[in-house]
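[1] Structure for this input, please:
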Amino acid sequence: MEASIKDDLRKLKDSKREIMRFMMGYKFALDEINTKINILQQEFQFVHDYNPIENVSSRVKSPESIMKKATKKGIELSRSDVKKTIKDIAGIRITCSFETDIYRLSTMLQNQADLKVLDVKDYIKNPKPNGYRSLHLLLVVPVFMSDRVEEVCVEVQIRTIAMDFWASLEHKIYYKYNKEVPVDIIRELKESAESAAQLDRKMEKIQLRMNKLKDQIGDDEDLSEILIDKERFRLPTNFTLNRMT
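    You can find the predicted model right below:
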């Protein structure tokens, strides 16, 4: 009797250890992707003098949340079935400045040789019926453990600031109404999503105009730099720049 109890306790302990190791695989996969994003961010800033990424956040679903989703989907609570069926256990959300940044960053991630692209869902070109916009990537990340290599799926969501703002508020509204949102509010939410998309497009046009102006002026023509650097150019102290007419 006593031996049987000890065996059961040992099995339970081993089960907990395996569950923890299972969850650690997703945590390590997020670490890998976050490192790649950080490298791209710093390299892009150095090469292009521009940072397309505004914010990065990541999370791993709790075991309770995974079990709840597995039960809802009607799958067995085994690690293999959960891993095969639930693809958003590990998730990263990247907020970019402009729509073009989203596609640029998506291409850079998909070109990583050690990442496998499982799926791409473009809800920017094809918004959901409620107005939701975002680009979703399912990436398979190799995680090198002490005794094996685990291939772990990570969902990457890439949005603009406006898309993220809308999605956050829409999520709060749906939970407040327990997903029973009045029809008129659903209509207004969809209209707000379109307004946010128009704002994205307008701000990007402004940025493109500013880039063209910067290219026309050129670094050597920057008048403010000349004023700041008068000593180096040995200009007289009474030197002034007259506007050309």
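[2] Would you mind pulling up the elements that the longest helix belonging to the chain packs against?
    In the chain, assigned by DSSP state H, the helix with the most residues is helix 2-48. Counting contacts by 3 or more CB pairs under 8 Å, 6 or more residues apart in numbering; DSSP states H and E, helix 2-48 packs against strand 53-60, helix 79-85, strand 90-96, helix 99-110, strand 135-144, strand 149-160. (C-beta placed from N, C-alpha, C; glycine too.)
[3] With only the CA atoms kept, save the fourth one in PDB.
    To tie it back to what came earlier, the one meant is helix 99-110. Below are the C-alpha coordinates for helix 99-110, written out as PDB (Å, rounded to 0.1, in the frame of the first residue of the first chain):
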ATOM      1  CA  GLU A  99       1.800  49.800 -42.600                       C
ATOM      2  CA  THR A 100       4.900  49.500 -44.800                       C
ATOM      3  CA  ASP A 101       7.000  48.800 -41.700                       C
ATOM      4  CA  ILE A 102       4.700  45.800 -40.900                       C
ATOM      5  CA  TYR A 103       5.400  44.200 -44.300                       C
ATOM      6  CA  ARG A 104       9.100  45.100 -44.100                       C
ATOM      7  CA  LEU A 105       9.500  43.500 -40.700                       C
ATOM      8  CA  SER A 106       7.400  40.500 -41.700                       C
ATOM      9  CA  THR A 107       9.700  39.800 -44.700                       C
ATOM     10  CA  MET A 108      12.800  40.100 -42.500                       C
ATOM     11  CA  LEU A 109      11.500  37.600 -40.100                       C
ATOM     12  CA  GLN A 110      10.300  35.200 -42.800                       C
END
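[4] quick one on the thing from earlier: between the longest helix of the chain and strand 149-160, how many degrees?
    Here helix 2-48 runs at an angle of 50 degrees relative to strand 149-160 (axes from the mean of the first three to the mean of the last three CA atoms, to 10 degrees).
[5] quick one: helix 2-48 to strand 90-96, angle?
    Using the same axes, to 10 degrees: helix 2-48 against strand 90-96 is 20 degrees.
[6] So for helix 2-48, mean pLDDT?
    Mean pLDDT, computed over helix 2-48, is 80.
[7] Ok, stretch 102-121 next?
    Here stretch 102-121 scores 96 as its mean pLDDT.
[8] again with stretch 207-223
    Average pLDDT, stretch 207-223: 71.
[9] got it, and stretch 92-99?
    In this model, stretch 92-99 has a mean pLDDT of 96.
[10] next one: stretch 62-74
    The average pLDDT within stretch 62-74 is 86.
[11] And the contacts of that stretch?
    I19, M23, K61, E76, L77, D81, V82, T85, I86, I89 (CB atoms under 8 Å, 6 or more residues apart in numbering).
[12] thinking again about what came up before, distance to D200 and mean neighbour count added to the helices and strands packed on helix 2-48, as a markdown table?
    Below are those laid out as a markdown table (distance: least, CB to CB, whole Å; neighbours: other CB atoms under 10 Å):
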| stretch | distance to D200 | mean neighbour count |
| --- | --- | --- |
| strand 53-60 | 13 | 15 |
| helix 79-85 | 34 | 14 |
| strand 90-96 | 10 | 22 |
| helix 99-110 | 6 | 18 |
| strand 135-144 | 13 | 18 |
| strand 149-160 | 5 | 21 |
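[13] Having no further points to raise, I will conclude here.
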